[in-house]
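Engineer: how does the following fold in three dimensions:
(one chain, ligands or ions: 1)
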Amino acid sequence: MTGERLPIEVSRLTKRFGAVTAVRDISFTVEPGRVTGFLGPNGAGKTTTMRMITGLVAPTSGHATIGGRPYARLDRPSSTVGALFDAAAVHPGHTARDHLAVYAAMGGHPARRVTELLDRLGLTAVADRRVGGFSTGMRQRLNLATALLGDPRVLLLDEPSNGLDPEGMAWLRSLLRGLAADGRTVLVSSHVLSEVEQLADDVVVIRGGELVAAGPWSRLAGPPAALVRTPDAAALAAALTAAGPDPADAFQVAAVGVDQLRVYGMSTPEIAAVAATHGLRIHELGTEAAGLEQLFLRLTGAANTTSEQADL
Ligand SMILES: Nc1ncnc2c1ncn2[C@@H]1O[C@H](COP(=O)(O)OP(=O)(O)OP(=O)(O)O)[C@@H](O)[C@H]1O
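Structural biologist: Presented below is the predicted three-dimensional model:
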């Protein structure tokens with residue numbers, strides 16, 4: 001099994017809970033050897049999708065496969081897929097060592113994995129303390145250790161960065177990078193843009209149960225936006241829109257305050273040329289670095305995600 005590369009394929013998955021459609025006809029691929037961020041606001045359908053991939057929730061329609069097979073048809077599911085959902089299954093009276101020992105026994109994993117993972121996840125010093133007294137960050141480490149017990153080739157981690165401080169985030173990043181570098185498939189959900197930006201190579205963005213975008217982060221982020229400071233903002237926005245290139249969805253003009261425009265999909269020389277043609281004044285013209293927030297703004301037209309830590 002060692003070294004197997006197992007992509008996750010999600011194909012036209014839909015899940016309805018009564019009147020609520022939690023996930024609607026979404027398809028994407030999670031590649032081995034990369035960290036994929038699964039991004040969406042609370043209630044977007046991330047957990048439901050991940051539960052469908054691991055067979056915990058039956059889809060209303062569509063299917064998901066891991067290395068070409070549905071989860072239920074994997075030979076050794078608990079050694080192939082490690083999943084972290086929530087801390088509910090941690091008994092507060094158990095020590096971290098007991099907790100891992102119980103899960104190792106249930107999964108048929110060797111007892112030495114407990115000591116190895118306590119060490120790898122930085123939990124050796126607290127291994128004999130009761131989990132009930134753990135901080136959220138320590139609990140997250142314990143949950144990750146549990147997901148890694150079977151040395152799985154595929155990891156599905158639902159909000160593993162919850163409760164981690166900046167040092168914890170750096171640690172998580174290097175852990176996930178190491179797992180992916182070894183050819184594992186890593187899908188990690190978050191509702192915080194900046195976290196996904198730090199952790200992921202690829203991004204799958206969902207909103208309201210629907211797929212918004214999927215692909216390598218570097219390609220989705222695209223070229224940087226242009227920023228124009230002009231006293232003729234409204235007239236320039238109209239002129240740029242009239243001259244806007246195809247495909248229309250890559251081009252967008254957004255007002256930033258009264259005298260500034262952010263323009264996607266048009267170069268600064270092109271913007272200057274449109275302004276000159278219409279006799280409009282430009283006081284400043286430059287580009288801003290591409291980022292996930294801008295990607296998200298461009299894809300959804302959302303207007304209020306300006307701070308560095310912005311949630312979707
Ligand atoms: N068992 C269920 N019964 C009814 N509705 C559900 C159930 N599970 C999820 N939902 C609904 O489906 C939608 C998607 O929920 P889901 O938990 O998948 O989103 P999420 O993106 O993981 O959000 P969060 O980050 O808050 O966990 C929500 O409207 C939720 O209320």
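Engineer: residues in contact with R129?
Structural biologist: Applying CB atoms under 8 Å, 6 or more residues apart in numbering, we find R129 in contact with T95, A96. (C-beta placed from N, C-alpha, C; glycine too.)
Engineer: what lies in contact with stretch 17-24?
Structural biologist: When contacts are defined by CB under 8 Å, 6+ apart, stretch 17-24 is touched by residues L13, T14, K15, R16, G45, T48, T49, M52, I206, G208, G209, E210.
Engineer: could you confirm A235 falls within a helix?
Structural biologist: Yes - the assignment for A235, made by DSSP: H, G, I helix; E, B strand; the rest coil, places it in a helix.
Engineer: that one: how many residues sit nearby?
Structural biologist: Neighbourhood size, A235 [other CB atoms under 10 Å]: 15.
Engineer: against A243, how distant is the residue nearest to it when sequence neighbours are not counted?
Structural biologist: Beyond its immediate neighbours in the sequence, the residue positioned closest to A235 (CB to CB, 6 or more residues apart in numbering) is L280, lying 5.6 Å away. According to CB to CB, to the nearest Å, L280 and A243 sit 12 Å apart.
Engineer: now do H91
Structural biologist: 64 Å.
Engineer: more neighbours: which of those two?
Structural biologist: For the pair H91 and A243, the greater number of neighbours falls to A243 (15 against 12), based on other CB under 10 Å.
Engineer: what parts of this structure come near the ligand?
Structural biologist: F17, V20, A22, G40, N42, G43, A44, G45, K46, T47, T48, H191 (CB under 6 Å from any ligand atom).
Engineer: which two of those residues have the greatest separation?
Structural biologist: Spanning the widest gap among these are F17 and H191, at 19.6 Å by CB to CB.
Engineer: show me where the stretch 201-312 of the chain has its strands.
Structural biologist: Listed in chain order, the strands of the stretch 201-312 of the chain (DSSP state E, counting those that start in this stretch) span 202-207, 210-216, 225-229, 252-255, 260-264, 284-288.
Engineer: columns mean pLDDT, distance to V81 and mean neighbour count on top of those, output as a markdown table?
Structural biologist: Putting these into a markdown table (pLDDT from 0 to 100; distance: least, CB to CB, whole Å; neighbours: other CB atoms under 10 Å) gives the following:
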| stretch | mean pLDDT | distance to V81 | mean neighbour count |
| --- | --- | --- | --- |
| strand 202-207 | 92 | 17 | 24 |
| strand 210-216 | 90 | 20 | 17 |
| strand 225-229 | 92 | 39 | 21 |
| strand 252-255 | 88 | 39 | 18 |
| strand 260-264 | 91 | 38 | 20 |
| strand 284-288 | 90 | 40 | 12 |
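Engineer: out of the ones you listed, nearest to T29?
Structural biologist: T29 sits nearest to strand 210-216 of all the strands of the stretch 201-312 of the chain, at 7.8 Å, using CB to CB.
Engineer: now for D201: which residues touch it?
Structural biologist: R34, V35, T36, A180, P216, W217, S218.
Engineer: correct me, but H94 touches V102?
Structural biologist: Yes - at 7.3 Å, H94 counts as touching V102 under the criterion of CB atoms under 8 Å.
Engineer: what sits closest to S267 if chain neighbours are left out?
Structural biologist: Spatial nearest neighbour of S267, excluding adjacent residues (CB to CB, 6+ apart): A226 at 7.2 Å.
Engineer: now do the contacts for that neighbour.
Structural biologist: R262, V263, Y264, M266, S267, T268, I271, L285, G286, T287, E288.
Engineer: now do the contacts for S78.
Structural biologist: Contacts of S78 (CB under 8 Å, 6+ apart): G107, G108, H109, G150, P152.
Engineer: quick check: PyMOL command selecting the buried ones in those.
Structural biologist: In PyMOL, a selection of the buried entries from those looks like this (16 or more other CB atoms under 10 Å):
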select buried, resi 107+109+150+152
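Engineer: re the thing from before, indicate which one of the strands of the stretch 201-312 of the chain is closest to A170.
Structural biologist: It's strand 202-207; of the strands of the stretch 201-312 of the chain, that one is closest to A170 (CB to CB) at 19.9 Å.
Engineer: describe which strands the closest one pairs with in its sheet and in which direction.
Structural biologist: Partners of strand 202-207 in the sheet, by DSSP bridges, are strand 34-39 (parallel), strand 210-216 (antiparallel).
Engineer: any chance of those in JSON lines with distance to F134 as columns?
Structural biologist: Formatted as JSON lines, those follow (distance: least, CB to CB, whole Å):
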{"stretch": "strand 34-39", "distance to F134": "25"}
{"stretch": "strand 210-216", "distance to F134": "35"}
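Engineer: what's the closest of the ones you listed to L144?
Structural biologist: strand 34-39 (13.7 Å).
Engineer: what helices and strands are in contact with the helix or strand just after the closest one?
Structural biologist: Following strand 34-39 in sequence order, the next helix or strand is helix 46-53 (DSSP states H and E). The contact analysis (3 or more CB pairs under 8 Å, 6 or more residues apart in numbering; DSSP states H and E) places helix 46-53 against strand 8-17, strand 20-30, strand 34-39, strand 61-66, strand 154-158, strand 185-190.
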